[in-house]
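[1] The amino acid sequence is not available; the structure is as follows:
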């Protein structure tokens, strides 16, 4: 049986009695995204009775329904479209009459999303998690009111309530969404025609991933970014190299430009910049980040503390200032990434069962699924400079990698940063084909405090893209073999 | 300056004097493949004067010229051909008139090989390695006679001679190569038309990779394997699952069949099996392994010891029984893999300079570049059973992986084996898209003696194929989230 850390057993039994008329669970999870469903499953595996409530008719949250998964499906399909047009013939594969069937592409996306959503349902059944559809509201510690879509109201009681409601697209006051032409990432995943000219406000990963999709499918795409370069916060020169590659792919990128106003005249959108210039497009994607989604949860009434950016404050056990109310994932500070939420979910459930699991927040990889991909873990050069850490760097270009040559994907590099004195690996930044997979050998190495020399001694299969990561470790000591 | 381990300095100086009329080097390397060229470069980096001799007009050895690289180029291109015919439309990418331009496909392969060969030349220049073309023969310890293509004979002298002449396709007495229809892997990489029916003798990685290429391009392909299943020596159930997938792809696989005789009548080849049956095909690929290539080196005259299979015997410093004569790569026992040769090459060069580098022969990954790929590291189940090691296994299928679903590549699994008592990871066997890259996080983990629990705590980016490897670690304790 699992260990209940915060409430003495007698009190717990008493509460159960009090709430005999309501449905009582060991854990109620609000939100069925990667944070919520993973916490539910893991807690159930550890013997708890768990209910998971989500507003949506299908599980998986933003990630599965309108985020990671559908975007990756469209990135995959659109990559095939552009490859068929520009590279297939180089391989001796000849075709005529290339054309896009956008409906079919979107249908495949929807089918994939539905299939994976059903998968989460199946996992809930297998693990005996009670799944409920409705809006949840905290009615005091231990009570959650659920309003289902038909208006029925019921109450769940639990000693432990986990908030895992995630995030929603941040809005830009000067460019409010209109659901038709001024759009969020969600709507841009489901357009029924290729935009003539998509203006993307925000040069982060969402803007560049979705901008890439439509650029590949034939849109003119212009990205407007407030800061001096795309992917703010990522390793500077790696982001800059990515920017150059996207520009070569035809995406127009305008950095250091602040949007002052957006207006629309029929099917034409106008974006006015603070430098006095403007641009016209057929559609606007506002992709200026995401913000925690806490509306309607009743957090204010309960006095749940939040920071000035709207993130819920939690301790190392994911508990808010209100005992028994927990939060994780996009609701709490840290990178807004599905796998960060999943790690926290597992740690939360295991801690609730008395295990000592924790999350290493310094070793969370981040991946941008453009072509080439960009994957990062640990410190950037900018972070090390700011902290005054002496470091060395090793860079190896994929153009000198045999597998990259064989496949025709030679853009980008692997870059490793290590401590000047101890040689411990501090960060790795990979821009290249399969970077999102390659980053994991770095995650493992960093978890074990590997030095770059340790890494350079690990045998890598030939020919693989991964060899470039090894050579970046060799490059730290000017002993690359293949450069 | 580098440390000379085996010969006293005075004696070395004397030898140099004796051979003043010959070209004298600190190290002479025979063979310009991955073992030879990497040893040459690393030794040169460490301050040695190095000459590398190869028979071929271009560097890179079997791997670059007629092995790993050209096969990977053709695997890449042929995968695009079959994808265009069978899957592209599912993505909403519509084309007509798909046809193969084999000449163009082959041209791209040749260009890639030439470019990478020139790359090795450039690396030699950069590192000041003297590159010589010709046949090398040992004339006694410290003297190597080179016969160039125009018949000129010269002598190099060196205190250290490294044999890195690699391997050549093993022959089958009952199926001798005829260079026209009964072919080795080398010729099958350069056919000028798609064979009608290619019979592959040998179900190892070479047979299945090259069989896959021609199957994709339209050949009927039949594989005949002597043992009960393909990929002998690899993890049994993983190999068997791969075999099922290849059969679904249209390759006919006949296991447990011994070839008794091969004959040819014009353009028709006949393969007779020991069970009395036979099959007819247009071409035969004999891919029954490779054997060390030592002909013409003069090893017998010098008394260099070899084992009964023709491998050169060496000690932990790669030295043969004749002082000053070293060997590595395919010439010595162990897996015949380019990266194994490269690791040995670096260890050899560094040991020669007094460093204590060694090769961990238990952690050499092996990759088969079929679709899906098959990648392995460490022990198979069969090896553990044979050794009597108690182990647990965790398996996670790619069909439950989000990225695999998004990309449409759902075949295969990740399988992790860990010690029953200590939980240390003993082996990982991945069958799936990008398996050849995914295996490296396992290589890193095994290098650090990670347990499956350590591995399961490492944050993996979502959605990635790598998540399946993490889930295989979770599966060891029946705590997978997504299955």
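    Here it is on my side, so go on. Everything numeric in this text was worked out from a predicted model, so none of it was measured.

[2] Nearest to chain B within the stretch 151-300 of chain A, name that residue for me.
    With C-beta to the nearest C-beta, the shortest gap between the stretch 151-300 of chain A and chain B falls at residue A:217, namely 9.3 Å. C-beta: built from backbone N, CA, C; applies to glycine.

[3] For that residue, list the residues it contacts.
    A:78, A:81, A:100, A:102, A:194 (C-beta atoms under 8 Å, 6 or more residues apart in numbering or on different chains).

[4] Wondering if stretch A:340-350 reaches chain B at all.
    Yes - applying C-beta under 8 Å from any C-beta of the partner chain, one finds stretch A:340-350 touching chain B at A:340, A:342, A:343, A:346.

[5] pLDDT score for the third one?
    The score at residue A:343 is 98. That number is its pLDDT.

[6] How about the last one?
    As summarised for this prediction, residue A:346 has a pLDDT of 98.

[7] got the contact list for residue A:456?
    A:470, A:473, A:474, A:476, A:477, A:479.

[8] Just want the phi and psi numbers for it.
    In terms of degrees, to the nearest 10, the main-chain angles of residue A:456 are phi -70, psi -10.

[9] So which of the contacts of residue A:456 sit within helices?
    Under the assignment DSSP state H, the contacts of residue A:456 contribute A:470, A:473, A:474 to helices.

[10] Neighbours of the closest residue to the first one other than its chain neighbours, how many?
    In space, not counting the residues next to it along the chain, residue A:470 is nearest to residue A:460; the distance is 4.6 Å by C-beta to C-beta, 6 or more residues apart in numbering or on different chains. Residues contacting residue A:460 under the criterion other C-beta atoms under 10 Å in any protein chain shown number 27.

[11] how much space between the residue of the stretch 151-300 of chain A closest to chain B and residue A:84?
    Going from residue A:217 to residue A:84 by C-beta to C-beta, to the nearest Å gives 12 Å.

[12] what does residue A:149 give?
    Distance from residue A:149 to residue A:84, by C-beta to C-beta: 43 Å.

[13] before we move on, the earlier item: ok, the residue nearest to residue A:470 touching residue B:441?
    No - using C-beta atoms under 8 Å as the test, residue A:460 is too far from residue B:441 to be in contact (11.3 Å).

[14] these two touch, right, residue A:474 and residue A:460?
    No - between residue A:474 and residue A:460 there is no contact under C-beta under 8 Å: 10.7 Å.

[15] Residue A:300 - that's part of a strand, no?
    No - under DSSP: H, G, I helix; E, B strand; the rest coil, residue A:300 falls outside any strand and is assigned helix.

[16] Can you check the pLDDT for it?
    Per-residue confidence at residue A:300 stands at 96 (pLDDT).

[17] If you tally nearby residues, what's the number for it?
    Residue A:300 has 9 neighbouring residues, counting by other C-beta under 10 Å.

[18] re earlier: just the buried residues of the contacts of residue A:217.
    The neighbour-count test (16 or more other C-beta atoms under 10 Å in any protein chain shown) marks A:78, A:81, A:100, A:102, A:194 as buried among these.

[19] any idea how far the second one is from residue A:75?
    If I follow you right, that is residue A:81. Computed as C-beta to C-beta, the residue A:81 to residue A:75 distance reads 11 Å.

[20] same question, the fourth one
    Separation of residue A:102 from residue A:75 (C-beta to C-beta): 15 Å.

[21] What of residue A:294?
    Distance from residue A:294 to residue A:75, counting by C-beta to C-beta: 30 Å.

[22] and if you look at residue A:335?
    20 Å.

[23] Looking at those two, which one has more neighbours?
    Using other C-beta under 10 Å, the more surrounded residue of residue A:335 and residue A:75 is residue A:75, with 20 against 13.
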